[in-house]
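J.: build me a model from this:
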Amino acid sequence: MQLFKSSKEPLQEVCNVYDSIDTLPQWNWIKVHETGNLAYIKILPNYRKLKEENTEELEEFWAKIYDEFIEEFGFSENYIEVLDHKKRIAILKNDFVITDNRFLLNHIRIAENRLKEIEKTAPIGVSFRESIVMIEKEQGIKIDAKKISVADYNSYIKTMNKNGKAD
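T.: Presented below is the predicted three-dimensional model:
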């Protein structure tokens, strides 16, 4: 006796979500980052009265999309430097807890101050809308900010950075 009907449809079709950086619009990507609401990866006619929804299924899709993004575009040098300093601070704190060597507190304070400096001097980029204008001007095309995919948008930005035309 079968209690549950098995679905042969892919989960993406059942949930009706974007499942790739090639299909997810950059606007939705930004909204997920601004709000933390994974409902923005759903394919909907509009997002005006969107309720927060962070289900396990949406988290799986988001993880897949994010992994694909990292594989394609990687991390910025500044982001890697911040992570390295956070790791160093965590190791120093761990060593302090284990050894109770108060001298490590000085190293921790120095590392935390350096991390603050790095975060302050992080390059300040332009807004999403400003970057769209820059891409349109550079490429000579009109871009619908709510339709350009994450992959296309970031490819344009990456190319412009290589050519020295974007921040």
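
J.: I'd like the next helix or strand past the worst-scoring helix or strand of the chain on mean pLDDT.
T.: Ranking every helix and strand in the chain by mean pLDDT, DSSP states H and E puts helix 11-15 at the bottom, with a mean of 49. Elements were assigned by DSSP states H and E; along the chain past helix 11-15, the next helix or strand is helix 26-35.

J.: may I see the buried residues of that next one?
T.: 26-32 (16 or more other Cβ atoms under 10 Å). (C-beta placed from N, C-alpha, C; glycine too.)

J.: stretch 57-70 too?
T.: 58, 61-62, 65, 68-69.

J.: also stretch 36-44?
T.: 37-42.

J.: distance to Glu77 added to those, as CSV?
T.: Shown next, in CSV, are the buried residues of stretch 36-44 (distance: Cβ to Cβ, whole Å):
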residue, distance to Glu77
Asn37, 29
Leu38, 28
Ala39, 32
Tyr40, 28
Ile41, 28
Lys42, 33
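
J.: including secondary structure, could the residues you listed go into a markdown table?
T.: Below are the buried residues of stretch 36-44 laid out as a markdown table (DSSP: H, G, I helix; E, B strand; the rest coil):
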| residue | secondary structure |
| --- | --- |
| Asn37 | coil |
| Leu38 | helix |
| Ala39 | helix |
| Tyr40 | helix |
| Ile41 | helix |
| Lys42 | strand |
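
J.: which one of the residues you listed is nearest to Ile143?
T.: The nearest member of the buried residues of stretch 36-44 to Ile143, counting by Cβ to Cβ, is Tyr40 at 19.0 Å.

J.: neighbours around the residue nearest to Ser131 when sequence neighbours are not counted, how many?
T.: Among residues not flanking Ser131 along the chain, Ile157 sits closest, at 6.4 Å (Cβ to Cβ, 6 or more residues apart in numbering). Counted by other Cβ atoms under 10 Å, the residues lying close to Ile157 total 20.
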